[in-house]
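*Asks:* Have a look; sequence and predicted model below, questions after that.
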Amino acid sequence: MADWQLKCKECGSEYPADARYVCENCFGPLEVSYDFSDLDAEGAKRRIQAGPNSIWRYSDFLPFSGGAPATRTALEPGFTPLIKADHLAERLGLGEVWVKNDAANPTHSFKDRVVAVAIAKARELGFETVACASTGNLANAVAAHAAAAGLDSYVFVPSDLEEQKLLATGVYGTHLVGIRGNYDDVNRLCTVLCEERPWAFVNVNLRPYYAEGSKTLAYETVEQLGWKLPDRIVAPVASGSLFTKLGRGFSEWLEVGLVDGELPIFHGAQAAGCGPVAEAFAEGWDVCKPAKPDTIAKSLAIGNPADGPYAVELARKTNGSVEAVTDQEIRDGIRLLAETTGVFTETAGGVTVATLKKLADAGKISADDSVVVYITGEGLKTLDAVRDRFHIDVIDPDLESFVEGVEAKSLTGVA
Amino acid sequence: MAVTVKIPAQLRSVTGGEAEVTVDGDTVGEALNQVFAQYGELRDRITQNGELRRFVNVYVGGEDIRFADGLGTALKDGDDVTILPAVAGGC
């Protein structure tokens, strides 16, 4: 077990561990800060290996006292497959590529990790209503976990979200609110509402706890690679929270001695239609200029990324990069992953795979590097991205039709 | 120009609990200076070397001032200037 507290990431001011997220002195973000000095690595490893096949096996590194919190729900995320993607590596001329398929979570995205932590914390703090500002995946997760916890919930999303994400949220019986505006407008409303209602907004006033859930992706990667670090990682960047918490997860395990080596090289993936972090990286800025999102990758369409400056810092510190890819590259990325691994990802995953391809094509990844690619969501949630991308032969149910309508066409290359 | 500056909860300990301050100013920078003249402690909390701190968002009529002219953004009579933390939200 490690002691922890809330601390400002900018000026170091300390705060009590309740529902708060902003430093009153400098407006910097609060985050959970741990004291691992008394944590014995061998003991921690034993507890992890004896733990459940979910994020709760890493309770020593999460902001609770005394192991997995009793306030957690039965929807337990984590321990998703890490797949060796040899066909993908071959297509890209790379050596060792792993796909961490986090679509294999209860509501089919990595958001189950952060929401599981936030909901357990919300119940521990005595909240009866939970809420969020979401680009879609978080909406699914908050609605589902609130249902599992028996809490009331409000989910705020841009009203033009993909239909699949709206349907897969409303079904859980949440108050689903579509906002006429983009994600940044939704977020601004939620920041104001958070002051006006006694609710736990998972990514506003509970954000310091919520964000901790993303670290478990890094822990699992290390464990599933046989307690080793990859040389590089490629992960999507929206607000930059997942990206920076992956860095924090690897760093913590290096610090406590659960793994040896160096922090992997971090490559961030953004859509060109909403790439404020990629722009800041390319321009050498230490703040992000807000963008007006215009991309099919709606789950990454955050024009005003809260952790953008930290994401840029992490990419620079590790000699990595933050790349931006076009909508066409995103669609191609979805197909490339599906055709080479059997994993069907949503647009955010398309951004990530397209970034891997871009780095590979530019010769930035050497053939002996091990690379982990984080696939954070499910393709069934953004079906429009693959609509009209392939041909369907429609024939009568007889052999002749098959021969003429399918085989003959493919022989002549007409298909 | 008379404008209303909306103070976020995190800063209301400085304003004695006031959520809104009415001031005069032709630009966001001028309006904020008027607020600082009343509540001196706010200056260091939200600005540094004359610029907004990097985790502070300021909106005029719902639009982020970085899409306009930053602290030089012009104000009209009756505008709302909203100060909010930038660290909320995200994936």
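*Replies:* Sure thing, it's come through.

*Asks:* Just give the nearest non-adjacent residue to B:Ile46, would you?
*Replies:* If the residues on either side of it in the chain are set aside, B:Ile46 comes closest to B:Val56, at 4.9 Å by Cβ to Cβ, 6 or more residues apart in numbering or on different chains. (C-beta placed from N, C-alpha, C; glycine too.)

*Asks:* before we move on, what about A:Thr347?
*Replies:* Nearest to A:Thr347 is A:Ala297, by Cβ to Cβ, 6+ apart, at 4.1 Å.

*Asks:* Ramachandran coordinates for the closest residue to chain B within chain A?
*Replies:* Nearest to chain B in chain A, going by Cβ to the nearest Cβ, is A:Ser239, at a distance of 2.3 Å. As for A:Ser239, its main-chain torsions (degrees, to the nearest 10) stand at phi -80, psi -20.

*Asks:* which SS class is the residue of chain B found nearest chain A?
*Replies:* Of all residues in chain B, the one sitting closest to chain A is B:Gly90 (2.3 Å; Cβ to the nearest Cβ). Under DSSP: H, G, I helix; E, B strand; the rest coil, the three-state class of B:Gly90 is coil.

*Asks:* residue contacts, it?
*Replies:* Contact partners of B:Gly90, counting by Cβ atoms under 8 Å, 6 or more residues apart in numbering or on different chains, are A:187, A:203, A:207, A:238-241, A:302, A:305-307.

*Asks:* Run through the strands of chain B in chain order.
*Replies:* Under the criterion DSSP state E, chain B carries strands at the ranges B:2-6, B:20-24, B:47-48, B:51-52, B:56-60, B:63-64, B:80-85.

*Asks:* need those in CSV with mean pLDDT, can you?
*Replies:* Below are those laid out as CSV (pLDDT from 0 to 100):
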stretch, mean pLDDT
strand B:2-6, 96
strand B:20-24, 96
strand B:47-48, 92
strand B:51-52, 92
strand B:56-60, 94
strand B:63-64, 90
strand B:80-85, 94
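
*Asks:* who wins for proximity to A:Val394 among those?
*Replies:* Evaluated over the strands of chain B, closeness to A:Val394 peaks at strand B:63-64, with 49.8 Å, by Cβ to Cβ.

*Asks:* Next, see if the closest one gets close to chain A.
*Replies:* Yes - using Cβ under 8 Å from any Cβ of the partner chain, strand B:63-64 comes into contact with chain A via B:Asp64.

*Asks:* Quick check: phi and psi at the closest residue to A:Asn137 other than its chain neighbours.
*Replies:* Spatial nearest neighbour of A:Asn137, excluding adjacent residues (Cβ to Cβ, 6+ apart): A:Ser109 at 3.8 Å. Backbone torsions of A:Ser109, given as degrees, to the nearest 10, read phi -160, psi 170.

*Asks:* What residues are bridge-paired with A:Ser109?
*Replies:* A:Gly377 (DSSP bridges).

*Asks:* shaky segments in the chain?
*Replies:* Defaulting to chain A. A:1, A:412-415 (pLDDT under 70).

*Asks:* sorry, should have said chain B
*Replies:* In chain B (pLDDT under 70), the answer is B:91.

*Asks:* Now with 90, please.
*Replies:* B:1, B:54, B:61-63, B:66, B:86-91 (pLDDT under 90).

*Asks:* for chain A, what are the nearby residues on it?
*Replies:* Checking chain B against chain A by Cβ under 8 Å from any Cβ, the hits are B:8-11, B:13, B:45-46, B:53-57, B:59, B:62, B:64, B:66-67, B:82, B:84-91.

*Asks:* If you go by neighbour count, which of these are buried?
*Replies:* Taking 16 or more other Cβ atoms under 10 Å in any protein chain shown as the criterion, what is buried in the residues of chain B next to chain A is B:8-11, B:45-46, B:53-57, B:59, B:64, B:66-67, B:82, B:84-91.

*Asks:* How about the residues of the stretch 101-250 of chain A by chain B?
*Replies:* Within reach of chain B by Cβ under 8 Å from any Cβ, the stretch 101-250 of chain A has these residues: A:111, A:133, A:135, A:137-138, A:183-185, A:187-188, A:190-192, A:194-195, A:201, A:203-204, A:207, A:238-242.

*Asks:* Which of the residues you listed are buried, as a PyMOL select command?
*Replies:* Buried residues among these (16+ other Cβ under 10 Å), as a PyMOL selection:
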select buried, chain A and resi 111+133+135+137+138+183+184+185+187+188+190+191+192+194+201+203+204+207+238+239+240+241+242
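
*Asks:* What about the residues of the stretch 101-250 of chain A next to chain B, which are in helices?
*Replies:* Per DSSP state H, helices hold the following members of these: A:111, A:137-138, A:183-185, A:187-188, A:190-192, A:194-195, A:207, A:241-242.

*Asks:* For A:Ala143, give me its contacts.
*Replies:* A:153, A:155, A:169-174, A:176.

*Asks:* export those to a markdown table and tack on neighbour count and secondary structure?
*Replies:* Formatted as a markdown table, these follow (neighbours: other Cβ atoms under 10 Å in any protein chain shown; DSSP: H, G, I helix; E, B strand; the rest coil):
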| residue | neighbour count | secondary structure |
| --- | --- | --- |
| A:Ser153 | 26 | strand |
| A:Val155 | 26 | strand |
| A:Thr169 | 26 | helix |
| A:Gly170 | 15 | helix |
| A:Val171 | 13 | coil |
| A:Tyr172 | 20 | coil |
| A:Gly173 | 13 | coil |
| A:Thr174 | 23 | coil |
| A:Leu176 | 20 | strand |
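
*Asks:* got a markdown table for those, with distance to A:His391 too?
*Replies:* Converted to a markdown table, those look like this (distance: Cβ to Cβ, whole Å):
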| residue | distance to A:His391 |
| --- | --- |
| A:Ser153 | 42 |
| A:Val155 | 38 |
| A:Thr169 | 33 |
| A:Gly170 | 33 |
| A:Val171 | 32 |
| A:Tyr172 | 36 |
| A:Gly173 | 40 |
| A:Thr174 | 39 |
| A:Leu176 | 36 |
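
*Asks:* which one is the residue of chain A closest to chain B nearest to, not counting chain neighbours?
*Replies:* That would be B:Gly90: by Cβ to Cβ, 6+ apart, it lies 2.3 Å from A:Ser239.

*Asks:* what's the span of stretch A:160-175, first residue to last?
*Replies:* Start-to-end span of stretch A:160-175 (Cα to Cα, to the nearest Å) is 17 Å.

*Asks:* let me fix that: stretch A:218-238
*Replies:* Note: stretch A:218-238 ends 18 Å apart using Cα to Cα.

*Asks:* Show me which parts of it are buried, residue by residue.
*Replies:* A:218-224, A:229-238.

*Asks:* In strands, which of the residues you listed appear?
*Replies:* Short answer: the buried residues of stretch A:218-238 in strands (DSSP E) are A:232-236.

*Asks:* What are the neighbouring residues in contact with the residue nearest to B:Ile46?
*Replies:* When contacts are counted by Cβ under 8 Å, 6+ apart, B:Val56 touches A:27, B:46-47, B:83-86.

*Asks:* quick one: contacts of the host helix or strand of A:Arg47?
*Replies:* Taking DSSP states H and E as the criterion, A:Arg47 maps to helix A:41-49. With contacts defined as Cβ under 8 Å, 6+ apart, helix A:41-49 is touched by A:57-60, A:219, A:223, A:256-258.
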